[in-house]
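In: mind folding the following:
(one chain, ligands or ions: 1)
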Amino acid sequence: MDYKVKIASTLSTILPDLDVETLKAKIEVPKDSSKGDYAFPTFTLAKELKKAPNLIASDLVDAMDTSDYQKVIAMGPYVNFFLDPKAAGANILKEIISNENYGHNTDGEAGHITIDMSSPNIAKPMSMGHLRSTVIGNSLAEISKANGYQPIKINHLGDWGTQFGKLIVAYKQWGSEAEVRADPINTLVRYYVEFHAKAENEPELNDQGRAWFKKLEDGDTEALELWQWFRDESLKEFMDVYDSLDIQFDSFNGEAFYNDKMEAVIDRLEEKGKLVESQGAQVVNLDDYDLNVAMIKRTDGATLYMTRDLAAATYRKKNYNFVKSLYIVGGEQREHFEQLKAILKEMGYEWSDDIEHIVFGMITVDGKKLSTRSGRIILLKNVLADSENLALAQINEKNPDLPNKEEVAHEVGTGAVVFHDLMNERTLNFDFKLEDVVRFEGDTGPYVQYANARAHSILRKAGNPEIDPEHLEISDEKVWETVKLLGTFNEVIRRAWRDREPSVIAKYALNLARTFSKYYANSKILVEDDELNARLALVQAVSNNLTESLRLLGVKAPSEM
Ligand code: ARG
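Out: I've put the predicted structure just below:
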């Protein structure tokens, strides 16, 4: 049961002018539990009722039927509600153990959410930044689903642009097929770097690069075949990362997909009279938005990243009819997305308001900034492999007889990196130190996984009995903090979506794991008495909410570790 709704209904019987929804929105959860489980502030009613808030609070309490609560008291300008822990707790536990989708809602009414995520560049390694985009996007997709939406995960691969002309030149002049096959991305990156070094002395290489890109854009067979091959080989490597994270996409339509869809964009801009010439190039003026002009077509007629994004946005609206269109991309592209929205608005598309750039902060490693130029590219593959090894070492130490150690080490190692990435508010920059991330104690993914595995082990020890949903009252008051947290899962899932913030879920999971561990350290669960069934229900409910929280983050929940 949603206690806010219950309290709102109680209040609405004595405040008939306000509906349950309005009242519910005003109800707060006091930080300090001595002020009750829920509180209703009365200042907002003072004007209407022409009464002092304190007086309103005490009058409300006098008029109210309080029999469903342990007590209801007026404290200054608040009405504070204390639930009967036993009855309320039993209610919460019953709901959790009998509802597979506990915490989910249908607010989204099956509306489509497109999520542009991961989107690495072909022939370049996938960076930590792309990892952030991948895991944040994946988690937001799951969170949107839990809120009743239908997400569509799109990998907008960076698979077009002048660099492909240069790559073709390099490959044809000094590359080898065997080399590329053996180690595709590293080899292609090397060709690209070598190309630039050589072009310093041989500037005609640049002209050749441009010419080959032009051929590619014109559909030349040889150019297209090479491009397709580079793309396939790169994608294979990216797929390894996605597979190890167990993340799937609904579409891999990257920039190249929009090659034949840009003319329509340019026509529309022209029709609306928004395209102006500037030094031979076609641009859109965005003074009204306080933004720099955006180039749509280069002097040589070539299109740009922006042109392809305009085509992608309109394609997505037409093809998926989204209610929201999310782009999970680092803060350094803020201006690009502001321009994108502004241009779509200029094109007359009101739905441009539904585009959201979901920014995220930067990762530093051991306090240092990463950049391709300085050579500090941290390869995601390596990070995940190191993390797995560290997890395996800890499992070998703690639980050497665990049967499927490698698999669990994979789930813990990868989960640790993903959890750490999602645990901080997404806009914050954070530092990444592998040893801190894979610890089994503290604010880490493995800590949450471990709390869940412990819950499983308690249930196993009890023989995994069928839980009787009718006898769930627990007298031990120490349990109340955990149960109350269990009961806030609905709100947590709503808040995570509202703020587009997976960290809300991660923090909840940490909090629940900690609160449960504290209870478990001070109370005996496996004692044969009348309340054993109820305590096992509690353990089951904790495990359910932890497992679901982890799932919403894209982290596995092994039952033993
Ligand atoms: N490939 C780009 C990069 O790595 C990210 C693309 C983001 N998505 C988009 N529709 N612009 O920086």
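
In: ok, now which ones touch the residue of the stretch 451-561 of the chain found nearest the ligand?
Out: Residue of the stretch 451-561 of the chain nearest the ligand, by CB to the nearest ligand atom: R500 (16.0 Å). From N, CA and C alone the C-beta is placed, and that goes for glycine too. Applying CB atoms under 8 Å, 6 or more residues apart in numbering to R500 gives the contacts L140, L326, E356, I358, R426.

In: can we see that at 7 Å?
Out: Listed by CB atoms under 7 Å, 6 or more residues apart in numbering, the contact partners of R500 are L140, I358.

In: out of the helices and strands in the protein, which is least certain?
Out: Least confident helix or strand of the chain, by mean pLDDT, DSSP states H and E, is strand 363-365 with a mean of 79.

In: in a strand, the residue of the stretch 451-561 of the chain closest to the ligand, correct?
Out: No. Using DSSP: H, G, I helix; E, B strand; the rest coil, the secondary structure at R500 is coil, not a strand.

In: wait, S352 sits on Q339?
Out: No. Counting by CB atoms under 7 Å, Q339 is not a contact partner of S352; they are 11.2 Å apart.

In: returning to what we had before: list the buried residues in the least confident helix or strand of the chain.
Out: Within strand 363-365, the residues scored as buried using 16 or more other CB atoms under 10 Å are I363, T364.

In: next one: that strand to chain centre, how far?
Out: 19 Å (CA atoms, centre = their mean, to the nearest Å).

In: where does S67 land in three-state SS?
Out: coil.

In: give the rounded mean pLDDT of the helix or strand containing T547.
Out: For T547, the host element (DSSP states H and E) is helix 532-553. Averaged across helix 532-553, pLDDT comes to 98.

In: pull out the buried positions in it.
Out: Buried, per 16+ other CB under 10 Å, within helix 532-553: 533-550, 552-553.

In: and what of stretch 505-524?
Out: So for stretch 505-524, counting by 16+ other CB under 10 Å, buried means 505-510, 512-517, 519-520.

In: mind showing which ranges of the stretch 351-500 of the chain have poor pLDDT?
Out: 368-379 (pLDDT under 70).

In: change it to 80
Out: For the stretch 351-500 of the chain, the stretches flagged by pLDDT under 80 are 365-381.

In: how about the strands of it, start to end?
Out: 355-358, 363-365, 430-432 (DSSP state E, counting those that start in this stretch).

In: redo the ones you listed as CSV? Include distance to the ligand.
Out: Converted to CSV, the strands of the stretch 351-500 of the chain look like this (distance: least, CB to the nearest ligand atom, whole Å):
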stretch, distance to the ligand
strand 355-358, 9
strand 363-365, 14
strand 430-432, 19
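
In: out of those, which is the most enclosed?
Out: By mean neighbour count, with neighbours taken as mean count of other CB atoms under 10 Å, strand 355-358 ranks first of those at a mean of 20.

In: name every strand pairing with it and say which way it goes.
Out: strand 324-328 (parallel) (DSSP bridges).

In: who's in contact with the partner strand?
Out: 113-117, 133, 136-137, 140, 313, 316, 337, 354-358.

In: of those, which belong to helices?
Out: S133, I136, G137, L140, A313, R316, F337 (DSSP state H).

In: can you give me the offset of the longest helix seen in the chain from its chain's centre?
Out: Using DSSP H, we find that the single longest helix of the chain is helix 221-245. Distance, stretch centre to chain centre, for helix 221-245: 25 Å (CA atoms, centre = their mean).

In: other residues contacting stretch 543-561?
Out: Everything outside stretch 543-561 that qualifies as a contact, by CB under 7 Å, 6+ apart, is 96, 102-103, 135, 138-139, 142-143, 146, 245, 247, 395, 399, 402, 408, 411-412, 415, 418-419, 422, 445, 448-453, 455-457, 486, 489, 502, 505-506, 508-509, 512-513.

In: which SS class is D529?
Out: coil.

In: burial count for it?
Out: Per other CB atoms under 10 Å, the neighbour tally for D529 reads 9.

In: can you tell me which residues contact L55?
Out: Per CB under 7 Å, 6+ apart, neighbours of L55: none.

In: what does this protein have sitting close to the ligand?
Out: Residues of the chain lying close to the ligand (CB under 6 Å from any ligand atom) are D116, S119, P120, N121, H156, G158, D309, A312, Y327, V329.

In: the last one reaches E356, doesn't it?
Out: No. Checked against CB under 7 Å, the pair V329 and E356 is beyond contact range at 10.7 Å.

In: still on that earlier bit, look at S352 and Q339 and report which has more neighbours.
Out: Q339 (22 against 18).

In: report the buried residues of stretch 273-291.
Out: Residues K274, L275, A281, Q282, V283, V284, L286, L291 are the ones in stretch 273-291 that count as buried (16+ other CB under 10 Å).

In: what does that stretch rub up against?
Out: 266, 269, 292-299, 335, 338-339, 342-343, 346.

In: repeat for stretch 61-74
Out: With CB under 7 Å, 6+ apart as the criterion, stretch 61-74 contacts T10, I14, A57, S58, V79, N80, F81, F82, L83, D84.

In: which of those residues count as buried?
Out: Here, 16+ other CB under 10 Å leaves T10, A57, S58, V79, N80, F81, F82, L83 buried among these.

In: out of those, which two sit at the greatest distance?
Out: Using CB to CB, those span at most 20.6 Å, a distance reached by S58 and L83.

In: you'd agree N54 is up against G76?
Out: Yes. With contact defined as CB under 7 Å, N54 counts as touching G76 (5.8 Å).

In: and G161, which of the three is it?
Out: coil.

In: count residues in the vicinity of it, would you?
Out: Around G161 there are 19 residues (other CB under 10 Å).

In: now the contacts of stretch 61-74 in TSV, with secondary structure?
Out: Formatted as TSV, the contacts of stretch 61-74 follow (three-state DSSP):
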residue	secondary structure
T10	helix
I14	helix
A57	helix
S58	helix
V79	strand
N80	strand
F81	strand
F82	strand
L83	coil
D84	coil
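
In: save the residues you listed as CSV, and put in pLDDT too.
Out: As requested, the contacts of stretch 61-74 are exported to CSV (pLDDT from 0 to 100):
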residue, pLDDT
T10, 92
I14, 90
A57, 95
S58, 94
V79, 96
N80, 96
F81, 95
F82, 94
L83, 90
D84, 89
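
In: for W174, state which of these is nearest.
Out: Using CB to CB, the contacts of stretch 61-74 come closest to W174 at L83, 74.1 Å.

In: need the pLDDT of the closest residue to that closest one other than its chain neighbours.
Out: The shortest distance from L83 to any non-neighbouring residue, by CB to CB, 6 or more residues apart in numbering, is to D37 (4.8 Å). Looking at D37, its pLDDT is 90.
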